[in-house]
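Asks: next comes the sequence, and after it the predicted model I'd like to discuss.
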Amino acid sequence: MLASAAVITFCLNILSALVALMTSYYAYKVHRLIPNSLLWAISIGFMFLGVGLAVDAGTSLVSGRTLVQSLSDRVLTILASLTYLTIQMVAYLIIAVGYARVAYGSQMKVAAPVVLAGSAIAGLYRYSLLSYFVVLILLAFIVFQGLLLRSGEKKGLSGMVLLAFILIFVAHLLLLISVLTLGSGLFLIGTVAQFFGFLSLLVFVLRSEVVGPR
């Protein structure tokens, strides 16, 4: 059962990495036609996510045999996992900053260093666990700003983008709970939800809609 769940998780991570990289590419193409700070942030952020998920998927192949491998293999696996968690935090921070620039404009010059400092401080303590918590906070901020933009005067934001980030937020909430409870079932469900969140965003950029106000 655990082996099959690991295989499914690996496949979903590979698919999510491909979808994230495709989202990055097409968001960049749309940004070139219709310059938009949020599209640019999504393009950069999902490029990081695609690379990070590819690293994580590669790590999962190695981690299954680290118990019978040398200490150096285990150290490399841990470093790869920390690299993925760092890339993930940076990716969602970039997207959060993109949303904040749309919502607050020049005021973001003050807010960005505060977010960066908070993320760095949180990441120093029990890095693996709290990295999920930091990402969850950033995603909550992204979803909150998306809801504000949809309900306010700035209605250029597609509902599909908001749905995508809600799915990704739910996914990371499940992933955090699975880490706390050591539940492999929840981790798998979270991975599935993340994949569909990424897929929703890819569908949006393929349709070449406008994200946020021009």
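Replies: Perfect, I can see it now. Predicted model only: the values in this text are computed from it and were never measured.
Asks: ok, residue 140 - contacts?
Replies: For residue 140, the contact set (CB atoms under 8 Å, 6 or more residues apart in numbering) comprises residue 169. (C-beta placed from N, C-alpha, C; glycine too.)
Asks: let the chain start at 456 from now.
Replies: Yep, numbering from 456; the last one is residue 595 now.
Asks: so it is in which element?
Replies: Residue 595 is part of helix 582-606 when elements are defined by DSSP states H and E.
Asks: just the mean pLDDT for that helix, thanks.
Replies: Helix 582-606 shows a mean pLDDT of 81.
Asks: now swap in stretch 654-668 and tell me
Replies: Mean pLDDT, stretch 654-668: 72.
Asks: correct me, but residue 513 touches residue 536?
Replies: No. With contact defined as CB atoms under 8 Å, residue 513 does not reach residue 536; the gap is 10.7 Å.
Asks: returning to what we had before: pull out the buried residues from the helix holding residue 595.
Replies: Applying a neighbour-count criterion of 16 or more other CB atoms under 10 Å, the buried positions in helix 582-606 are 585-594, 596-598, 600-601, 604.
Asks: list residues touching both of residue 513 and residue 536?
Replies: Taking CB under 8 Å, 6+ apart as the contact rule, residue 513 and residue 536 have no neighbour in common.
Asks: where along the chain do the helices fall?
Replies: For the chain, the helices defined by DSSP state H cover 457-488, 492-518, 526-559, 563-578, 582-606, 614-636, 639-661.
Asks: low-confidence ranges in the protein?
Replies: 456-461, 514-533, 558-584, 607-613, 637-639, 663-669 (pLDDT under 70).
Asks: how many residues are close by the closest residue to residue 508 other than its chain neighbours?
Replies: Among residues not flanking residue 508 along the chain, residue 472 sits closest, at 3.8 Å (CB to CB, 6 or more residues apart in numbering). Residue 472 has 21 neighbours, counted by other CB atoms under 10 Å.
Asks: okay, residue 472 and residue 489: tell me how far apart.
Replies: Residue 472 sits 26 Å away from residue 489, going by CB to CB, to the nearest Å.
Asks: same check, this time on residue 541
Replies: 31 Å.
Asks: over to residue 462?
Replies: Shown here: residue 462 relative to residue 489, a distance of 40 Å by CB to CB.
Asks: same check, this time on residue 475
Replies: Distance from residue 475 to residue 489, by CB to CB: 21 Å.
Asks: more neighbours, these two?
Replies: When residue 475 and residue 489 are compared on other CB under 10 Å, the one with more neighbours turns out to be residue 475, at 27 against 12.
Asks: my read is that the more buried one contacts residue 511, right?
Replies: No. Under the criterion of CB under 8 Å, residue 475 makes no contact with residue 511, lying 11.5 Å away.
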